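Q: I'd like to go over a predicted model; first the sequence, then the structure.
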Amino acid sequence: MKNLIVSYALAVIGLFGPAGIHRFYLGKPISGIFYLLTWGFLGIGTVIDLIRMPNMVEEENLKKLMYLNLAKNSVNPKFNLSTPEKDILKIAYKNDGVVTPQMVTLSSSMSLREAKKELELLKISQYCNKDIAEDGAELYYFHGLTAKAPLF
């Protein structure tokens, strides 16, 4: 798991020395190379990364958790969905492709924390998109489960 303090330290080093080390640490080697060549886009990119650092670390850790979970539960992850994923997809199918963590918790055996974690893993894997409703609710949209008419 990636550490937020280490990420911050590497980014701060990039302000005064070789920029982009934090990007390599967070599993983003291509942008890390660009940061090295441009000194973090003249330092602006590094400053922006300092602001975004908690989200960047969380995203990388969720990717790693998802990879470990898939490796542990399946030989072929495409054809062996875990039970939480099946539950979420069933709930999304019943609700025109849109779910919230609260809906998942009410319709499954998952806690709110587990539902949020599973939805974020699905979002990172690009199985769904996330949006925030006017009332602040987190909405997860599963394309392909909506009731829209086909294009052809």
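A: Looks like it arrived, so ask away.

Q: what sits against residue 115?
A: Taking C-beta atoms under 8 Å, 6 or more residues apart in numbering, we find residue 115 in contact with 88, 101, 102, 104, 105, 108. C-betas here are computed from N, CA, C, even on glycine.

Q: That one and residue 59, how far apart?
A: Here the distance between residue 115 and residue 59 works out to 18 Å (C-beta to C-beta, to the nearest Å).

Q: so how far is the helix ranked longest in the chain off the chain centroid?
A: For the chain, the helix with the greatest residue count under DSSP state H is helix 44-73. Computed by C-alpha atoms, centre = their mean, to the nearest Å, the separation of helix 44-73 from the middle of its chain amounts to 7 Å.

Q: tell me what the helix or strand that that helix is followed by is packed against?
A: Later in the chain than helix 44-73, the nearest helix or strand by DSSP states H and E is helix 83-94. Here helix 83-94 touches strand 98-99, helix 101-107, helix 112-124, going by 3 or more C-beta pairs under 8 Å, 6 or more residues apart in numbering; DSSP states H and E.

Q: what about the ones you listed, which gets the closest to residue 15?
A: helix 112-124 (28.2 Å; C-beta to C-beta).

Q: and the next helix or strand after the closest one, which strands flank it?
A: Per DSSP H and E, the first helix or strand lying C-terminal to helix 112-124 is strand 129-132. Each strand paired with strand 129-132, and its direction, by DSSP bridges: strand 138-141 (antiparallel).

Q: Using CSV, list the CA coordinates for the strand it pairs with.
A: In CSV, the C-alpha atoms belonging to strand 138-141 read as follows (Å, rounded to 0.1, in the frame of the first residue of the first chain):
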residue,chain,number,x,y,z
GLU,A,138,-22.9,9.8,-4.9
LEU,A,139,-24.4,8.3,-8.0
TYR,A,140,-22.7,5.5,-9.9
TYR,A,141,-23.8,5.0,-13.5
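
Q: Can you name the residues in contact with it?
A: Defining contact as C-beta under 8 Å, 6+ apart, one finds that strand 138-141 is touched by 92, 97-101, 116, 119, 122-123, 128-133.
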